[in-house]
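**Q** Sequence plus predicted model, see below.
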Amino acid sequence: MLLSLAFKNITKSKGRSVTTILLSTIATIFFIAYVALMDGSHQQIIKNSVEIYTGYAHVNLKGYREESDYGHLIEDANIIDSILKNERAIKAYAPRFETYALLSAGETSVGSMITGIIPSAEKRLSKLESSLVRGRYLDNHDTHAIYLGNELAKRLKVDIGSQISLVGSSIDYSIAADLFTVKGIFKTGLFDFDAQSAFVNKPYLDTIMLSDNKASYFTLTFHDNDHIDRATTALQHKLPSAYEAVNWKNLLSALVQAMLVDSIFGYISISIFFLVIFFVIMIFSYVNIYTRIREIGLLRALGLTSKDIFGMLFAEILLLATFSIVIGTIIGASIAYYYELHPIVISGIAETYREYGVVSDEIPTHFDFFTIAWNALTIFVLNLASIIYPVSQINKLTAMEAIRYV
Amino acid sequence: MKRLLTLLLITLSLHASEAQNIIKKLEKNLRGDYMYATMQMIVTSKRGQRTVKIESWSKGNKKSFIKILYPKKDRGITFLKIDNQMWQYIPKIERTIKIPPSMMLQSWMGSDFTNDDMVKESSLEEDYNAKILSRKADLATLELIPKENAAVVWGKIIVDVDLKNSVPAKETYYDDMMQKVRVMTFSKVEKHGSHKIPMIMELKPLDANKKKNRTKIIFEKINYDAKIDPSYFTKHALKRYSR
């Protein structure tokens, strides 16, 4: 009976009902789209950092993350190679040898990160090859060839065909030096990376650094990177105890933390918006309920208890909220889904925010059932909560007071 | 009371000036106008031990020229320091390279010394305020706190000074957070001309990750009286004296 009474009230007061529905629907759409966009842009930044170079997981000697020096190298890379080769969950892997050295051209010298890579294997593990802007990518037989970031090339004032000298330290701490020809220049969009990184075919770099069968770490990607924690733990069990398998959540922990902080600020901003929405709905309900105070008084006089009145008003908001949340969720989820497939393009955003890891003008949303569900539920709960105060106030009045209320 | 305070202030200032005098005497003894030396640098790290033989020429603390004699792989590599700039010549690639500021904190020749240690011109006397912490017979312990505008990297240095020979016995370096960073010990004092020099220096970093690291320098020859040809302190010298 309460439900049919509530339904009758909704249809009777069309203006009030439409306004409540509109407010809740817009809030739902806005919340779902906002969170999807925020999560999408964060995931895009992390994905870029992971896929451009870092990789989904690394295997390294314990202590290497804290002190990335020659005292923490993988001394027998073949052992790790044979373990990774037999691990079915791994899609691709390759060793890398990273060292800090001086690159010099003419009068200009720049301290750079020099990495020995297996060029063919890196194609499946990073975006180094696809980031090529001039010249060519490295191949497995290159000797004096170097592949430079575009910002580093600018700092050294070199281009394709230029000769540069490399001076660093071999792993026995003797001086390592050689001349290289710039074969290719890449641009990933990650400014610091492009300004500091240079790549050389690892077997050749090993002859200079005396690092044959040694590696700083192995980078790898799993067939299923969505369950990376499980895959990394499984891999850890197969490694000798001196080694560790670390996934991108730890490798990029600073970035992950930064994204988390950004999300918290995002939620704080949006919660202010919800506070406004909540009070608007509450004030609206308050005014609305008080305009119906005589009607409520009459119902009380006819024998309805304050509990029945609460039930009736609660049923009204329940019906309105359910309707608007369903509509809002359908529209919001459609927006999240559409823009995940067809990302929003804002020209120039990568240029402006490149130091924050934004390398593309495309900002995709993130469509996730769980996130959408809790977003919708939040608005639903806010709607229901908004009538608690007005109803509690009205229930303080007796039937006679309510009928006589002016 | 007033007289007592004045007496206290005079005592304190005499104490400070005595500390400054000790440092002044120490630096004067260690630093000649010109110095020629040959030495061995023994670097111990997690990866093992390595010996480097070095020949060096210097003029005051502004100019120096270093040539690597051993190991064979590094033979002929030369370094030139003029003021706070440093160049390096590598015979294998026949290139002279200027060490940029960004590389100054990198290790020098795989040792626990940095490039910055090699080029810095800081003078304990000019850049630090000295205070005597204790004094027992011929051994004084001084605390050196950087002067306000001194361009130095240390927050504090505690120096044990052998007063009889005016040489340091031990130097403990603290960073700006007043954490101990490294300890340098000096031993085997010998007289060379009018100078008394510790022939062995050992640097030990205190970083937990570098527990096995130490760098020992053993002077083989030191000559303070040699007049050094100014041509050593030019960029041309890097290639010319590399052979």
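**A** Alright, I've got the coordinates.
**Q** Touching, A:Ala105 and A:Asp159? I think so.
**A** No. Using C-beta atoms under 8 Å, A:Ala105 is not in contact with A:Asp159, being 10.1 Å away. C-beta here means a position set from N, CA and C on the backbone, and glycine is covered the same way.
**Q** Could you list the domains of chain A?
**A** Chain A breaks down by automatic domain parsing into domains covering A:2-50+A:255-404, A:63-241.
**Q** and of these, who's closest to B:Met177?
**A** domain A:63-241 (18.5 Å; C-beta to C-beta).
**Q** anything in that closest one sitting right up against chain B?
**A** Yes. Using C-beta under 8 Å from any C-beta of the partner chain, domain A:63-241 reaches chain B at A:63, A:66-67, A:69-71, A:100, A:102, A:104, A:107, A:109-111, A:165, A:167, A:169, A:171-175, A:177-179.
**Q** Looking at those, which are in strands?
**A** With DSSP state E as the criterion, strands contain A:100, A:102, A:104, A:109-111, A:165, A:167, A:169, A:175, A:177-179 from among the residues of domain A:63-241 next to chain B.
**Q** filter those to the buried ones?
**A** Neighbour-count burial (16 or more other C-beta atoms under 10 Å in any protein chain shown) is assigned, among those, to A:Tyr100, A:Leu102, A:Ser104, A:Ser109, A:Val110, A:Gly111, A:Ser165, A:Val167, A:Ser169, A:Ile175, A:Ala177, A:Asp178.
**Q** All the strands of chain B, residue numbers only.
**A** Counting by DSSP E, the strands of chain B are B:34-45, B:48-59, B:63-70, B:78-82, B:85-90, B:95-98, B:128-136, B:139-146, B:156-162, B:167-174, B:180-192, B:195-205, B:214-223.
**Q** neighbouring strands for the first one, and are they parallel or not?
**A** When you say that, I think you mean strand B:34-45. Strand pairing for strand B:34-45, determined by DSSP bridges: strand B:48-59 (antiparallel), strand B:214-223 (antiparallel).
**Q** Just want the most central residue of chain A.
**A** A:Gln43 (2.3 Å; C-alpha atoms, centre = their mean).
**Q** The closest residue in space to that residue that isn't next to it in sequence and chain B, how far apart?
**A** The shortest distance from A:Gln43 to any non-neighbouring residue, by C-beta to C-beta, 6 or more residues apart in numbering or on different chains, is to A:His366 (5.5 Å). Distance, A:His366 to chain B, using C-beta to the nearest C-beta, to the nearest Å: 38 Å.
**Q** what about the single nearest residue of chain A relative to chain B, neighbour count?
**A** Per C-beta to the nearest C-beta, A:Tyr173 is where chain A lies closest to chain B, at 2.5 Å. For A:Tyr173, the count of nearby residues is 20 (other C-beta atoms under 10 Å in any protein chain shown).
**Q** tell me the pLDDT at the closest residue to it other than its chain neighbours?
**A** Nearest non-adjacent residue to A:Tyr173, counting by C-beta to C-beta, 6+ apart: B:Gly110, 2.5 Å away. We have a pLDDT of 85 for B:Gly110.
**Q** now A:Leu61
**A** 95.
**Q** swap in B:Ser122?
**A** For B:Ser122, pLDDT reads 67.
**Q** again, but for A:Ala402
**A** Model confidence at A:Ala402, given as pLDDT, is 67.
**Q** now do B:Asp176
**A** At B:Asp176, pLDDT is 89.
**Q** same question, B:His15
**A** 57.
**Q** picking that back up, hmm, the residue nearest to A:Gln43 is touching A:Tyr339, no?
**A** No. With contact defined as C-beta under 8 Å, A:His366 does not reach A:Tyr339; the gap is 9.3 Å.
**Q** If we ignore the residues flanking it in sequence, what's nearest A:Pro390?
**A** Distance criterion C-beta to C-beta, 6+ apart; nearest residue to A:Pro390, sequence neighbours excluded, is A:Tyr286 at 4.1 Å.
**Q** helices or strands up against the helix or strand harbouring that neighbour?
**A** A:Tyr286 belongs to helix A:253-291 when elements are defined using DSSP states H and E. With contacts taken as 3 or more C-beta pairs under 8 Å, 6 or more residues apart in numbering or on different chains; DSSP states H and E, helix A:253-291 sits against helix A:14-49, helix A:369-385, helix A:388-394.
**Q** so can I have CSV of these showing mean pLDDT?
**A** Converted to CSV, the helices and strands packed on helix A:253-291 look like this (pLDDT from 0 to 100):
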stretch, mean pLDDT
helix A:14-49, 86
helix A:369-385, 90
helix A:388-394, 80
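**Q** how close does the closest residue to A:Tyr64 other than its chain neighbours sit to B:Pro205?
**A** Distance criterion C-beta to C-beta, 6+ apart; nearest residue to A:Tyr64, sequence neighbours excluded, is A:His72 at 4.1 Å. In this view, A:His72 and B:Pro205 are 16 Å apart by C-beta to C-beta, to the nearest Å.
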